[in-house]
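Q: Need a 3D model of the following:
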Amino acid sequence: MKPTVKLWAQRASFVALTLSLSACGSFTWFSSSDKKILPLPAITGSASVSAQWQSALGGKQTSSLIPAVANGKVFAAHPSGALVVLDEKSGAVIGRFQIPAGKGQVSGGVAASADMIVVGTNKAEVIALDLKGGVLWTSKVSSEVIAPAAISDAAVVVLGGDGSIAALDPKTGVRKWTIQRVLPALTVRSSAIPVTVRGAVFVGTAQGKLLAIDTANGSIGWEATVAAPKGASELERLVDVVGRPAVDSERICAAAFQGRVACFDVVRGSLLWSRDASSLTGALLDNKYVYITDEKGVAYAFDKTTGGTVWKQDVLAGRRASGTALLGDNLAVQDSEGTVHLVDRATGKIAGRGLGEAFASGVGMVASGDGALIQTKSGQLASVAAR
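A: As a prediction, this is how the structure comes out:
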């Protein structure tokens, strides 16, 4: 298996290299910027962000699991295999259950639909459960599952750590089709999350590509380049598409590490515009703008039609964004210390902040109603909102 780079924090320059001896032969880089966090910037507004509810998931975790939201419910997992279902508004626990023994640790996050929960494990198992925890089916794929699945009526689409894209029948778990992509020597591990829209699944790859695939038969409708590798070394040539693509009725936008943010026609795949940027958190989209926070913590808003810069906010540079979300009238940027900064969507000014160390997370934020969900390193799930 080819080695992968686990980029737990954004990098300014790499000064130390640690070899993590595991079955996957993965590498972890640590940055000199990890040792210095810049002071909190001044606030120009009166907004704040706070937790609406919290729920324990089962102990500390350093994995890249994120929760899912479907039909007014929140679904979250702990690497140990514990699953919890909660009411999205109140945080009340609806159910707690465990995946079957011997299937490995949950590694691919949680996906959910109206009647199904899907998780993937480090033993290449995909497990589908009903909303009461009963096992509907299990299916073996080619390698460790590295991201939440994408669920549609036609298929459950799963990404593997070996570069595979596999579609499973949502009723039986039987393999429908597989696409295999050769991985570069180094990749940004567990970074891309597939989405299903209009009968297609959109998948970002480690080669800087965005694929539109027919969920029914696996045919590739179009393939677009978000970023192309540059440089002489394998590290310099990292261009993994990261996060979950942002999509509306006309366009789909994606971001790549050490690459670009780019928007494409959602039907044809033709490039609408692109801007140079390096992100580890992906792109967000509203009715006017595309938002991105780069690896240094600098936030941008681009006109979603033209790609022109609307504003740039660099006062968070050096605080290393771990996740972003749209909270009310603000772009929320969570830093590595757990603080969530509210950036006014119209002006780019820092409108407020809240939370802190207890909410530190390395896995991003997930939209939930008017707020967002944060799965913390301490093993808590929190629903947060701006005031």
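Q: Report how many residues lie close to residue 115.
A: 11 (other C-beta atoms under 10 Å). All C-beta spots, glycine's among them, are computed from the backbone N, C-alpha and C.
Q: let me redo that: residue 344
A: Using other C-beta under 10 Å, residue 344 has 19 neighbouring residues.
Q: give me the beta-bridge partners of it?
A: Taking DSSP bridges as the rule, residue 344 bridges to residue 330.
Q: Now for it: which residues touch it?
A: With contacts defined as C-beta atoms under 8 Å, 6 or more residues apart in numbering, the neighbours of residue 344 are 45, 329-331, 350-351.
Q: need those in JSON lines with neighbour count, can you?
A: Output for the contacts of residue 344, formatted as JSON lines (neighbours: other C-beta atoms under 10 Å):
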{"residue": "45", "neighbour count": "16"}
{"residue": "329", "neighbour count": "15"}
{"residue": "330", "neighbour count": "23"}
{"residue": "331", "neighbour count": "25"}
{"residue": "350", "neighbour count": "23"}
{"residue": "351", "neighbour count": "24"}
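Q: so which one among those has the lowest pLDDT?
A: pLDDT is lowest at residue 45 among the contacts of residue 344; the value there is 84.
Q: Residue 358 belongs to a helix?
A: Yes. Secondary structure of residue 358 (DSSP: H, G, I helix; E, B strand; the rest coil): part of a helix.
Q: Mind picking the one among the contacts of residue 344 that's closest to residue 161?
A: residue 331 (31.1 Å; C-beta to C-beta).
Q: residues touching the closest one, list them.
A: Listed by C-beta under 8 Å, 6+ apart, the contact set of residue 331 reads 284, 291, 293, 299, 301, 324-325, 342-345.
Q: give me that answer again for 6 Å
A: Neighbouring residues of residue 331 by C-beta atoms under 6 Å, 6 or more residues apart in numbering: 291, 343, 345.
Q: I'd like the distance between the nearest residue to it once chain neighbours are set aside and residue 276.
A: Nearest residue to residue 331, sequence neighbours excluded (C-beta to C-beta, 6 or more residues apart in numbering): residue 343, at 4.4 Å. The gap separating residue 343 from residue 276 is 21 Å, by C-beta to C-beta, to the nearest Å.
Q: End to end on stretch 174-187, go ahead and measure it.
A: Counting by C-alpha to C-alpha, to the nearest Å, you get 29 Å between the two ends of stretch 174-187.
Q: Mean confidence (pLDDT) on it, please.
A: The average pLDDT within stretch 174-187 is 92.
Q: Show me how far that stretch is from its chain's centre.
A: Counting by C-alpha atoms, centre = their mean, to the nearest Å, stretch 174-187 is centred 19 Å from the centre of its parent chain.
Q: And for stretch 287-303?
A: Distance, centroid of stretch 287-303 to centroid of chain: 16 Å (C-alpha atoms, centre = their mean).
Q: Report the buried residues of that stretch.
A: Going by neighbour count (16 or more other C-beta atoms under 10 Å), the buried part of stretch 287-303 is 289-302.
Q: So what touches that stretch?
A: Contact with stretch 287-303 is made by 10, 253, 255, 261, 277-281, 283-284, 304, 310-314, 316-317, 319-321, 324, 331, 333, 343, as judged by C-beta under 6 Å, 6+ apart.
Q: Compute the first-to-last residue distance for that stretch.
A: Note: stretch 287-303 ends 10 Å apart using C-alpha to C-alpha.
Q: mean confidence for it?
A: Mean predicted confidence for stretch 287-303 is 95.
Q: cool, stretch 359-371 as well?
A: Mean pLDDT, computed over stretch 359-371, is 91.
Q: Likewise for stretch 256-269?
A: On average, the pLDDT along stretch 256-269 is 96.
Q: which residue packs closest to residue 269, ignoring adjacent ones?
A: Using C-beta to C-beta, 6+ apart, the nearest residue to residue 269 is residue 222, at 3.0 Å.
Q: after whichever strand or helix holds the one you found comes which helix or strand?
A: If you go by DSSP states H and E, residue 222 is part of strand 220-225. Once strand 220-225 ends, the next helix or strand along the chain (criterion: DSSP H and E) is strand 241-247.
Q: How many neighbouring residues does residue 98 have?
A: 12.
Q: Contact partners for it?
A: 81-82.
Q: re the thing from before, the residue nearest to residue 269 and residue 270 touch, don't they?
A: No. Assessed by C-beta atoms under 6 Å, residue 222 is found out of contact with residue 270, at 8.3 Å.
Q: who has more neighbours, these two?
A: A direct count of neighbours by other C-beta under 10 Å for residue 222 and residue 270 places residue 222 higher, at 17 against 9.
Q: Now do that one against residue 334, distance only.
A: For residue 222, the distance to residue 334 (C-beta to C-beta) stands at 33 Å.
Q: One more: residue 365?
A: 6 Å.
Q: Ok, residue 83 next?
A: Distance, residue 83 to residue 334, by C-beta to C-beta: 24 Å.
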